[in-house]
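[1] Pasting the sequence and the predicted coordinates here, then a few questions.
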Amino acid sequence: MASTPEFQQTLAKPASFSGTALHTGEKVTLKLQAAPVDHGIKFKRKDLQDEPTIDAKIENLKTVERATTIGEGSVRVHTVEHVLAALWAMGVDNAVVEMDANEPPIGDGSAQGYVDLVRQAGVTAQDEPRKFFDVRETVYVESKTGTLLILLPDDKFRISCTQAGPNNRFAQFLSMEVTPAGFEREIAPARTFVYYEDVKPLMDKNLIKGGSLENAIVVRGEAVLSKEPLRFADEFVRHKILDIIGDLALVGRRIRGHVVAVKPSHATNAQLARSITREQTRRSAVAAPRTIPSGDGGLDTDQVMQILPHRFPFLMVDRIISFETETKCVGVKTVTINEPFFQGHFPGHPVMPGVMQVEAMAQVASILLFKLAKTSSRIGYFMSADEVKFRKPVLPGDTIFIHAELTKSRGERLAKAKCHCVVNDAIVSEAELMFTFLDK
Ligand SMILES: [Zn+2]
């Protein structure tokens, strides 16, 4: 493990450039802006009403065909992997990527343009340590098409990658530690490559209006077609490494581990990012307090009831045990056989209904919202519950730790929270909740 703390970084000043969007062929301007600690990287659509932002997080991944698309609600940003790779590998943890279209400028199909932009903006240290994901056990994902990704423990972030085209033509291998200097020199200039048979149908359907030999290398049989000669004899595997870095940036933590990739694709990169995030969530849950403090830093039952209008039998949180930040807290609920719902759910076989756990998560999230808004004159209504999973039954005698984190609040009226319930160090349920507020 690194002994000196590494600090989060952002951009020293804004920087922008314009170019062509790959899929629509339209002109787009991209501007990098600084962002505060723990902000992560977010994309901002300047061309849309209210200028919505999208977190560059694996939870927001939408599609992985040919490029990586993220989105929230109906808002999308396509082909985010090259700009993410450049920001992440150049050491930028927090940034806003503003765009006036749904896709960054494709440039020459490499990450060179974005690296130049980061250099132009400059990188500056912030006063919070970086968050890491230390690989403790081997993680692997594979696909039916012969892709295999293995993540091994390592004290650095390393990638060893092999890539091979049809009939194993252009088989290449490269292994490296990912550092800002190494990325800039060895990886950033490597351009996107496509197989003619893959892009022909897209060209015919006019789906890649901005595509040309200016921004991609086209492989047709044994022939390599490109505007300029290959920049590296093994340019293809280098670009594969670029894509892995960009896709794994969606984890939002610095990975200390060794990625061994065989014929990687955006789909499997995303699967690996998901596995890492799931493991991180599990670890955070296990790290939750096991004793139940009262007093300082939390809220007792009285204080909870001053905020929440809910009463017996529908108050699903006994106490708030701690606020980690303004947007994150943990509540606790002791489940006893006297809960009214056990009478009917089910006679002789008491199991806490999953919907009651969702209600508990909603109530803890509401407490966060009221604390933030500093008023209890409004009441939060559920709009949606996504990604709801019930993993284990909750039984009489269990103590539920209810974790809630506000991930987004849009103006005064909308908020989103990521929640999970933990019993005996295991996640029993999880959900992403969306609320709207109305005056009482
Ligand atoms: Zn790429």
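    Sure, I can see it.
[2] now the residue of the stretch 201-350 of the chain found nearest the ion, nearest residue through space, not along the chain?
    Residue nearest to the ion within the stretch 201-350 of the chain: D243 (4.2 Å; Cβ to the ion). C-beta: built from backbone N, CA, C; applies to glycine. Distances taken as Cβ to Cβ, 6 or more residues apart in numbering put E81 closest to D243, at 5.3 Å, once the chain neighbours are dropped.
[3] What is the burial count for the one you found?
    28 (other Cβ atoms under 10 Å).
[4] and the residue of the stretch 201-350 of the chain closest to the ion, which of the three is it?
    Three-state call for D243 (DSSP: H, G, I helix; E, B strand; the rest coil): helix.
[5] contacting residues for it?
    81-82, 85, 264, 266, 269 (Cβ atoms under 8 Å, 6 or more residues apart in numbering).
[6] residues contacting the residue nearest to D243?
    Per Cβ under 8 Å, 6+ apart, neighbours of E81: 67-68, 242-243, 246-247, 266.
[7] Could you report the pLDDT at it?
    We have a pLDDT of 96 for E81.
[8] distance of it from F232?
    Using Cβ to Cβ, to the nearest Å, we find E81 at a distance of 19 Å from F232.
[9] Kindly report the same for E222.
    As it turns out, when the distance is counted by Cβ to Cβ, E222 lies 18 Å from F232.
[10] Compare those two (neighbour count), which wins?
    F232 (16 against 7).
[11] what about R282, which SS state?
    R282 - assigned by three-state DSSP - is helix.
[12] So I379 is in contact with L438, correct?
    Yes. Using Cβ atoms under 8 Å, I379 is in contact with L438, at 5.9 Å.
[13] Who has more neighbours out of the two?
    Between I379 and L438, counted using other Cβ under 10 Å, the more crowded position is I379 (15 against 9).
[14] got the contact list for Y114?
    Applying Cβ under 8 Å, 6+ apart, the residues near Y114 are 82-83, 85-87, 104, 107, 188.
[15] Around the ion, pick out the residues from the stretch 201-350 of the chain.
    Counting by Cβ under 5 Å from the ion, the residues of the stretch 201-350 of the chain close to the ion are D243.
[16] switch to 8 Å and redo it
    Contact residues, the stretch 201-350 of the chain versus the ion (Cβ under 8 Å from the ion): 239, 242-243, 246.
[17] Okay, buried residues for stretch 228-248 please.
    Within stretch 228-248, the residues scored as buried using 16 or more other Cβ atoms under 10 Å are 231-232, 234-248.
[18] what does stretch 324-340 give?
    327-333, 335, 339.
[19] got it, and stretch 37-46?
    Buried residues in stretch 37-46 (16+ other Cβ under 10 Å): 37, 39-45.
[20] Could you pick out which of those are located in helices?
    Among those, none falls in helices (DSSP state H).
[21] Could you dump the contacts of D243 into TSV with secondary structure added?
    As requested, the contacts of D243 are exported to TSV (three-state DSSP):
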residue	secondary structure
E81	helix
H82	helix
A85	helix
P264	coil
H266	helix
N269	helix
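[22] residues contacting S366?
    307-308, 380, 435.
[23] Tell me, what's the model's pLDDT at the residue nearest the centre of the chain?
    Closest to where the C-alpha atoms of the chain average out (Cα atoms, centre = their mean) is K57, at 1.6 Å. K57 is assigned 96 on the pLDDT scale.
[24] and what of the one 4 residues further on?
    Residue-level confidence at L61 comes out at 95, pLDDT.
[25] cool, and P201?
    84.
[26] In a helix, it, correct?
    Yes. Assessed with three-state DSSP, P201 lies in a helix.
[27] And for it, the neighbour number?
    P201: 9 neighbours (other Cβ under 10 Å).
[28] got it, and D93?
    D93, neighbours per other Cβ under 10 Å, totals 27.
[29] That one - nearest residue in space that isn't next to it in sequence?
    Nearest one to D93, counting by Cβ to Cβ, 6+ apart, is Q8 at 4.3 Å.
[30] likewise M90?
    Nearest non-adjacent residue to M90 (Cβ to Cβ, 6+ apart): V118, at 4.6 Å.
[31] Quick check: that neighbour is in a strand.
    No. V118: not assigned to a strand; according to three-state DSSP it is helix.
[32] For it, list the residues it contacts.
    When contacts are taken as Cβ under 8 Å, 6+ apart, V118 is in contact with 11, 15, 32, 86-87, 90, 92.
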